[in-house]
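K.L.:
quick one, structure for this:
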Amino acid sequence: MSIKDKITSKLLKVYINKKLKKAGEMLEFKLDSKNKSIAMKIKLLGEDKDLEVNINKYDINEINDKFFIKISEINTNKEWINILSKELLKEKDFEISNEIYNLLKIVA
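P.N.:
Modelled structure (predicted):
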């Protein structure tokens, strides 16, 4: 993991924790811009075990002045999430905020 990835990971962790604060806490966030992967560990309220999420391949695209992330490969430690993610997330574009895009652009 490069220095830029480490800095961006810390910034994204802080940003995501602000969004997650009512539901839990991001414990780990590791971005690998070279391999286009993200590893996360999240403590969710009401859950005994932390949620582990590995995005093994992602792409960032700009369409009509909006920014999108497309997830090609995702795995978690929860089988039901793996099943749903294959149906609902894989190979679909999801709009991301300008703040997230600007952080990711640093390491692109």
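K.L.:
ok, then the element right after the lengthiest helix in the chain?
P.N.:
Of all the elements of type helix in the chain, the one with the most residues (DSSP state H) is helix 3-20. Later in the chain than helix 3-20, the nearest helix or strand by DSSP states H and E is strand 24-32.
K.L.:
helices or strands up against the longest helix of the chain?
P.N.:
strand 24-32, helix 98-107 (3 or more C-beta pairs under 8 Å, 6 or more residues apart in numbering; DSSP states H and E). Placement of C-beta: from N, CA and C, glycine included.
K.L.:
pick the most deeply packed of these.
P.N.:
strand 24-32 (a mean of 18; mean count of other C-beta atoms under 10 Å).
K.L.:
contacts for that strand?
P.N.:
Strand 24-32 is contacted by residues 1, 5, 8-10, 12-13, 16-17, 20, 37-45, 47, 50, 104, 107 when judged by C-beta atoms under 8 Å, 6 or more residues apart in numbering.
K.L.:
ok, that strand: who's next to it in the sheet?
P.N.:
strand 37-44 (antiparallel) (DSSP bridges).
K.L.:
nearest residue to Cys45 other than its sequence neighbours?
P.N.:
For residue 45 the amino acid is Leu, not Cys. Excluding the flanking residues, the one nearest Leu45 by C-beta to C-beta, 6 or more residues apart in numbering is Gly24, at 5.3 Å.
K.L.:
buried among the contacts of strand 24-32? Need that as a selection in ChimeraX.
P.N.:
Here is the ChimeraX command that picks out the buried ones among the contacts of strand 24-32, judged by 16 or more other C-beta atoms under 10 Å:
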select :5,8,9,12,13,16,20,38,39,40,41,42,50,104,107
